[in-house]
Every structure is written in structure tokens, then in C-alpha cells.
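# Pasting the sequence and the predicted coordinates here, then a few questions.
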Amino acid sequence: MMDAPVQSTYAEAYRRWQQDPEGFWAEKAEAVHWHRRWNKVFDPSLGVYGQWFAGGELNTAENCLDRHVAAGRGAQPALIWDSPMTGRKVSFSYAELRDRTARVAGALAQLGVRRGDRVIIYMPMVPEAAISMLACARLGAIHSVVFGGFGAAELASRISDAKPRAIVSASCGLEPGRVVAYKPLLDEAIALAAHKPESCLILQREQARAELIRGRDHDFAEAEAAAHPHEPVPVAATDPLYILYTSGTTGRPKGIVRDNGGHAVALLNSMRMIYGVGAGDVYWAGSDVGWVVGHSYIVYAPLLAGCTTIMYEGKPVGTPDAGAYWRVCAEHGVRVFFTAPTGIRAIKQQDPEAKLMARYDLSRLEALFLAGERCDPPTALWAAEKLGKPVVDHWWQTETGWAITAGFREFGLFAPKPGSAGRPAPGYDLQVLDDSGKVLPRGQSGNFAVRLPLPPGASPTLWQNDEGFRAAYLADFPGWYRTGDAGYIDEDGDVWVMGRTDDIINVAGHRLSTGAMEEVLASHPNVAECAVIGARDAVKGEVPVGLVVLKAGISRPHAAIAEELVALVRERIGPVAAFKEVYVVPRLPKTRSGKILRASIRRLANGEPPAPPPTIEDPAALDEVKSAFAGRG
Ligand code: COA
Ligand code: AMP
């Protein structure tokens with residue numbers, strides 16, 4: 001696909017960045033509208049490991065909207081909402097999106113929201129979710145979007161940590177076959193949370209209207225209609241734009257902070273450098289605003305670049321069929337489509353011959369980008385063959401906000417190696433370290449780490465928890481950011497991300513902590529001990545599987561206990577955990593030092609022989625797990 005001169009263009013760009021990182025980013029920053037220019041491109045004396053564009057002032061929402069209206073793009077579609085769940089499609093021009101954002105910002109200001117205040121957004125995939133995010137950005141308030149598939153307890157923990165002045169939510173979300181009433185979950189979460197918001201703005205959807213609590217809750221549409229448009233408030237480049245909670249290695253989610261300046265510069269640059277699109281192009285990230293992909297590539301980056309972004313309220317299959325994604329691409333003229341491999345696997349399973357794909361004119365689609373989990377080679381090959389377009393796997397995390405490794409359309413793409421996630425983006429000095437922190441040669445597997453500083457756009461810290469950031473990411477390898485992912489870089493410089501080094505699993509492209517699920521199982525009165533591992537799944541990539549040991553003397557039927565445990569995880573974490581399997585065993589296999597043999601349990605769940613453990617406490621425990629898993633589908 002790619003010839004030698006183009007390859008050298010990537011190499012040249014990477015080298016240019018290596019030789020002068022600050023010059024590289026200062027040049028990219030010229031594309032952003034600043035109220036005040038920065039004093040220093042990078043100030044190593046600030047924050048945990050330094051901060052980007054210190055002294056600069058800007059407004060991110062103004063860069064996403066007003067800047068394009070001022071440049072004459074006011075009539076161009078900014079956001080198209082396509083909702084097979086409701087049968088509706090609505091297009092908002094840049095001028096319309098700016099006006100709605102300004103009014104919702106006014107409505108939030110009316111509720112007392114000011115620069116630096118936090119606002120939690122708990123919404124389904126409706127345009128008002130993006131408008132609310134942008135309205136917060138316009139005010140200099142810090143939003144924290146919580147994915148709709150999380151339950152009340154997860155929402156409560158985020159409310160307690162972020163201490164929002166206001167919450168924006170909706171009466172309901174729509175899942176195939178059921179209406180998810182959000183308001184009771186919100187009310188329960190507020191009751192559980194240590195902090196109480198002063199007010200809630202509730203979008204009433206006709207599928208299930210919500211009861212509003214007088215004095216606290218306000219109708220979104222009424223408040224928007226009554227509000228005066230609010231002007232963008234310039235904020236410091238280093239001020240937080242948002243907090244996005246993500247699974248850590250414990251049950252307590254980590255509040256990843258994103259700043260304004262570095263984020264705008266990095267995301268705007270990524271649209272051209274990685275995806276090869278610019279103003280006027282239609283770009284679609286098939287994700288949810290509750291995840292980082294949704295933040296970066298449904299809302300901020302495409303709007304920063306003046307693209308038309310698509311917001312899709314539906315699924316890859318079943319809404320109504322496995323041709324839905326291709327219908328959206330064809331109908332709206334999508335040039336670049338980004339989604340998670342799990343969605344493609346679901347489509348491939350239902351439409352292996354791609355007959356539904358063939359119904360649509362995909363001539364305007366130029367490339368498919370995948371991320372969120374490792375893309376297995378058969379899925380990448382299937383998509384590339386059926387689409388006849390480049391399929392680019394790229395690797396990133398909530399923490400980084402944009403791709404660590406990718407293929408780069410600005411430089412021409414590399415010959416794709418299915419299973420590899422491309423090469424390091426200019427901005428990242430990515431290396432593989434052994435457990436002692438020594439850089440390993442090419443071809444050897446170890447821990448992926450990025451030499452500090454992280455590039456613009458990556459998280460500067462955790463919300464009000466610098467120490468937590470240091471402990472989670474910087475302490476293991478001084479001078480480096482530990483990604484938590486493992487793999488190797490091959491002789492050509494291509495990066496192979498093979499798995500996590502911690503207890504995080506990836507279920508349908510959603511990052512979840514098995515530790516958090518273990519905490520829920522352990523809270524059941526009948527459970528003495530437990531373990532949760534990620535087992536292979538043909539569509540979702542991984543699914544959680546639990547093992548529990550009951551307290552002595554518990555004689556209740558195991559099936560009843562298992563049912564309660566499944567319900568408990570669904571209630572405490574949410575349906576998104578997809579926790580459906582739990583087995584009772586007499587004991588857990590452990591090493592002599594008492595460590596649970598999770599790798600062996602995982603192998604047994606996958607139908608493989610257990611890895612030979614060096615010092616197993618009681619070999620019979622592995623046989624017991626094996627027979628517990630005998631009935632797994
Ligand atoms: N609000 C409420 N509930 C939600 C939800 C939301 N926003 N999103 C998911 N859920 C629920 C689902 O209804 C489901 O509930 P159930 O157990 O009652 O069926 C559960 O959470 C699991 O949902 P999901 O992960 O969507 O699994 P699924 O079996 O319904 O569908 C796929 C499987 C592969 C079709 C689906 O996971 C999918 O669309 N994946 C793509 C995800 C993606 O693109 N992620 C991008 C990240 S970059
Ligand atoms: P999240 O923070 O939810 O985006 O999840 C990030 C994690 O998902 C990463 O640390 C990886 O474990 C995994 N991941 C994301 N993209 C890829 C990819 N392209 N290849 C392999 N793993 C990936």
C-alpha cells in the first residue's frame with residue numbers, strides 16, 4: 001500500500017518531533033484560536049510532570065464552534081444525529097450548534113455554574129449530551145460525563161469525587177427492547193453520594209418522562225428556551241476541560257483530567273495527521289460520549305477541525321440489522337469511520353458474506369480506524385477485504401486522549417500488519433521496559449512505557465489527586481509513564497499490544513476492572529473468597545467470569561447464590577459489566593505464598609491447559625476449577 005518515500009515521511013515527521021518537541025507543538029498550536037499566547041510551550045516546573053502551553057488562554061468551545069462560524073462555515077452541518085432507536089435524524093449547522101450551546105451555557109450559568117465548577121453529564125446518545133459538554137467548556141466549567149450503562153453506585157462514586165454543582169441528565173436511554181429510565185438511577189445515585197448537587201437539568205424524552213423534584217430539578221428544554229446566550233469564557237490552557245473516570249486497579253475509579261490548551265492542539269493535529277480529514281469532511285466515531293473515544297472523536301476533535309461529526313444512537317447489529325453502520329456511512333457520506341473491533345466482529349458474525357454491506361454505496365469512505373481493544377487479525381482482514389479500504393488499528397487510552405500508536409494518513413499509511421497497532425505518533429517516545437525498568441531491544445516483550453513528558457492532550461494528573469497519578473503511572477519506572485499494556489516493537493518499528501499487565505479487562509471495547517467486580521462479589525454475605533478473570537469471547541473480546549468460595553456452613557443452592565451475585569454486579573456496576581457467569585468452587589487455586597493463579601484460571605476458562613505454576617499450594621484446586629468450567633459455552 002505504501003512505498004518507500006512515503007514511509008520516510010513518517011520517519012521524517014517523527015524525527016522532526018524528536019529533535020525539537022517544543023517547536024513541533026508550537027507550530028501545531030498556531031491552528032488554535034488563543035485569547036492569550038502561551039509563555040512557555042512546555043513548562044517542566046508545573047504540575048506532576050510539567051504542563052503544556054502555560055500562560056496561554058483560550059476557550060475550547062469557541063474553537064469548536066464560533067471560530068468556524070466566523071470563518072464562514074456557519075451553514076455547514078456540524079453534527080448529524082442519527083438515531084435508529086427513535087427513527088429520527090437531525091442535522092445541526094455550526095451556527096445552530098453554537099447557538100444551542102450558548103443558550104445551554106446560559107441555562108447552566110443561571111443555575112450558578114461558573115468557571116472551575118464541575119458538572120456531571122449522565123445522558124444517552126442525544127445531541128443534548130454533546131451540547132451540554134460544549135456548554136460547560138464555554139463557561140470554563142469542568143464536565144464529567146458518566147456512561148449510561150453504569151449503575152447508580154458507580155454514578156454515586158463519581159458524584160462524591162467530582163462534587164458537581166449541577167448534573168445534566170435525561171429521563172431515559174433507549175436500548176434494544178427496553179427503555180432505561182435514567183432518572184430513578186440518578187435519584188438513587190444522589191441519595192447514595194456524599195456530595196449533593198444544587199440542581200439537575202433533565203432532558204425529557206417522550207419514551208419515558210421523568211418526575212422532577214421541585215426546587216432541585218429543572219426541565220432542560222424550558223431552561224434552554226428561557227436562557228440568554230452566554231459568551232465563551234477564556235480559561236487558562238492548563239485549566240481542566242473535563243474529568244473522565246475510568247477503571248483503575250481497585251474498585252475506586254480514577255478521575256482522568258484533561259486540560260484545555262494541550263488537548264485542543266493535540267486533537268486538532270490528530271485529525272489531519274492520523275485520520276487525514278479536515279474542514280468540511282464527514283467523520284464518524286461509532287462510540288458513546290461516555291467513553292474517551294466519544295469525548296475526543298465524536299465531540300471535540302471533529303468540531304475543532306471543522307468536520308461534520310455523526311452521533312449515532314444505535315448498535316452495530318439489531319438496529320435494525322448488521323448493515324446499520326454501512327447505511328450510516330453511505331447516507332451521510334462518511335470519509336473516515338472509527339469504531340471498536342467488537343462492533344465489526346458482531347457484524348461479521350451476522351453478515352459473514354457482507355451482503356448487507358454490499359447494499360450501500362461506500363465509495364466516499366476512505367478508511368476504517370479501530371481501537372478500544374486489540375483487533376484480532378481475522379477481524380481486521382475480513383473488514384479490509386470486504387470494504388476494500390485501509391483498516392487501521394490504533395492504540396490509546398483514556399489517559400492519553402489520543403493515539404499512542406497509529407497509522408498516519410498525512411504521511412501515507414504503512415503496509416498494514418493485521419494485529420499490529422501501527423507506529424508511535426510524533427509526541428510519544430514509546431519503549432518496551434523489563435520489570436526493572438531497563439529498555440528492551442526490538443522484538444522482546446515487556447511493559448510499554450512512554451518517556452516523560454507525555455505529549456499535549458494526555459492527562460496531566462488525576463482529579464485532585466497528584467499523588468494517585470504518581471503512584472498509578474510514574475512510580476514503577478522513574479522518568480516514564482507506565483501504560484499498563486504489554487507487548488513488543490518489531491524490527492520494522494511496528495507496535496504489537498498484546499494485553500494488560502493489571503486486572504483491567506476489555507469487554508466489548510469497554511474498559512472494566514475485575515478488581516471492582518471482585519469487591520462486589522466479596523460483599524455478598526455468603527462469599528468467603530472470590531476471583532474474577534476475563535475469558536475469551538467471540539464477539540465481545542473478553543467477558544468477566546467469576547469464581548466464588550462460600551463461607552463454611554452455607555448450604556443454599558449454588559444457582560440461587562450465583563443469580564444473586566449476577567444481579568448484584570449489574571446493580572452496583574451496571575449492565576455494561578456484562579457479568580453473567582459465576583461458579584462456586586470449594587477453593588481457589590493459589591501459589592504457596594497465597595497468590596491466586598489468575599492466569600491459570602483464565603486459561604482453563606478458555607479451554608486451555610493451565611500454565612504450569614511454579615509453587616502451587618494444592619494442585620487439586622485447578623481440577624476443581626476445570627470441572628466448574630466444564631459446562632461453559
Ligand atoms: N445505557 C444503559 N444500558 C446500556 C448502555 C447504555 N448506554 N449501553 C449498554 N447497555 C447495556 C445493554 O443493554 C446490555 O444490557 P443487557 O445485559 O440487559 O443485554 C449490557 O449493557 C451490555 O451491553 P453491550 O456491551 O452493548 O452488549 P450487547 O450484548 O447488548 O451488544 C455489541 C454487543 C458488540 C453489539 C455491543 O457491545 C456494541 O455495540 N459494541 C460496540 C461498542 C463500541 O463501539 N464501543 C466503542 C468504544 S471505543
Ligand atoms: P480505554 O481507556 O477505555 O480507552 O481503554 C484503554 C485500553 O484498551 C488500553 O490500555 C488497552 O489495554 C486497550 N486498547 C485500546 N486500544 C487498543 C488497541 N488498538 N490494541 C490493543 N489494545 C487496545
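Arrived safely. Ligands and ions are numbered 1, 2, ... in the order given.
# Which parts of the stretch 401-550 of the chain are helices?
466-469, 514-522 (DSSP state H, counting those that start in this stretch).
# what separates the first one from the chain centre, distance-wise?
So that's helix 466-469. Centre-to-centre, helix 466-469 and its host chain are 21 Å apart (CA atoms, centre = their mean, to the nearest Å).
# Which positions in it come out as buried?
Neighbour-count burial for helix 466-469, counted by 16 or more other CB atoms under 10 Å, picks out 468, 469. Placement of C-beta: from N, CA and C, glycine included.
# now what about that helix, what contacts it?
In this structure, residues lying in contact with helix 466-469 by CB atoms under 8 Å, 6 or more residues apart in numbering are 47, 48, 254, 459, 461, 462.
# and if you look at the longest one?
Residues from elsewhere that reach helix 514-522, judged by CB under 8 Å, 6+ apart: 247, 249-251, 253, 503-505, 527, 529-534, 544, 546, 548, 565, 568-569, 572-573, 577, 579, 582.
# which phi and psi does whichever residue of the stretch 101-250 of the chain sits closest to ligand 2 have?
Per CB to the nearest ligand atom, the residue of the stretch 101-250 of the chain with the smallest distance to ligand 2 is residue 246, at 5.2 Å. Main-chain dihedrals, residue 246, degrees, to the nearest 10: phi -140, psi 160.
# Give me the secondary structure label for the closest residue to it other than its chain neighbours.
Nearest residue to residue 246 in three dimensions, chain neighbours excluded: residue 398, at 4.1 Å (CB to CB, 6 or more residues apart in numbering). Here residue 398 is recorded as coil under DSSP: H, G, I helix; E, B strand; the rest coil.
# Can you read off the pLDDT for residue 398?
For residue 398, the pLDDT comes out at 97.
# Residue 311 and ligand 1: what is the separation?
Residue 311 sits 13 Å away from ligand 1, going by CB to the nearest ligand atom, to the nearest Å.
# before we move on, what about residue 112?
29 Å.
# now do residue 188
Distance from residue 188 to ligand 1, by CB to the nearest ligand atom: 15 Å.
# same check, this time on residue 127
Counting by CB to the nearest ligand atom - residue 127 and ligand 1 are separated by 15 Å.
# Check residue 368 too.
In terms of CB to the nearest ligand atom, residue 368 sits 13 Å off from ligand 1.
# Run a quick neighbour tally on that residue.
23 (other CB atoms under 10 Å).
# wait, which of the helices of the stretch 401-550 of the chain is closest to residue 82?
helix 514-522 (33.0 Å; CB to CB).
# can that closest one be found next to ligand 2?
No - against ligand 2, helix 514-522 shows no contacts by CB under 6 Å from any ligand atom, the least distance being 13.2 Å.
# Confirm for me that the residue nearest to residue 246 is in contact with residue 504.
No - in this structure, residue 398 is not within contact of residue 504 by CB atoms under 8 Å, at 10.7 Å.
# can you list residues touching both of the two?
Contacts common to residue 398 and residue 504, judged by CB under 8 Å, 6+ apart, are residue 511.
# can you give me phi and psi for the residue nearest to residue 246?
The phi/psi pair for residue 398 (degrees, to the nearest 10) is phi -50, psi -40.
# For burial, what's the neighbour tally of it?
19.
# Let me see the contact set for it.
244, 246, 256, 291, 292, 459, 511.
# so who does the fourth one touch?
The contact partners of residue 291, taken as CB under 8 Å, 6+ apart, are 147, 372, 398, 509, 510.
# again, 10 Å this time
145, 147, 244, 246, 285, 297-298, 340, 372, 398, 509-511 (CB atoms under 10 Å, 6 or more residues apart in numbering).
# Mind checking which of these are in strands?
145, 244, 246, 285, 510, 511 (DSSP state E).
# Which pair in those has the greatest spatial separation?
That would be 246 and 285, which, of the ones in strands among the contacts of residue 291, are the farthest apart (CB to CB) at 17.4 Å.
# So which of those two has more stuff around it?
Applying other CB under 10 Å to residue 246 and residue 285 shows that residue 285 carries more neighbours, namely 28 against 18.
# ok, for that one, nearest residue in space, not its chain neighbours?
residue 297 (3.7 Å).
# burial measure for the one you found, as a count.
When counting by other CB under 10 Å, one arrives at 28 neighbours for residue 297.
# Touching, it and residue 311? I think so.
No - assessed by CB atoms under 10 Å, residue 297 is found out of contact with residue 311, at 11.2 Å.
# joint contacts of the two?
By CB under 10 Å, 6+ apart, the residues touching both residue 297 and residue 311 are 284, 285, 286, 287.
# residues in contact with the third one?
Residues in contact with residue 286 (CB under 10 Å, 6+ apart) are 293-294, 297-298, 310-312, 314-316, 324-325, 328-329, 334, 337-340, 343-344, 509.
# Adding distance to residue 558 and pLDDT as columns, could you present the contacts of residue 398 in CSV?
Formatted as CSV, the contacts of residue 398 follow (distance: CB to CB, whole Å; pLDDT from 0 to 100):
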residue, distance to residue 558, pLDDT
244, 38, 98
246, 34, 92
256, 39, 98
291, 35, 96
292, 39, 97
459, 43, 98
511, 30, 91
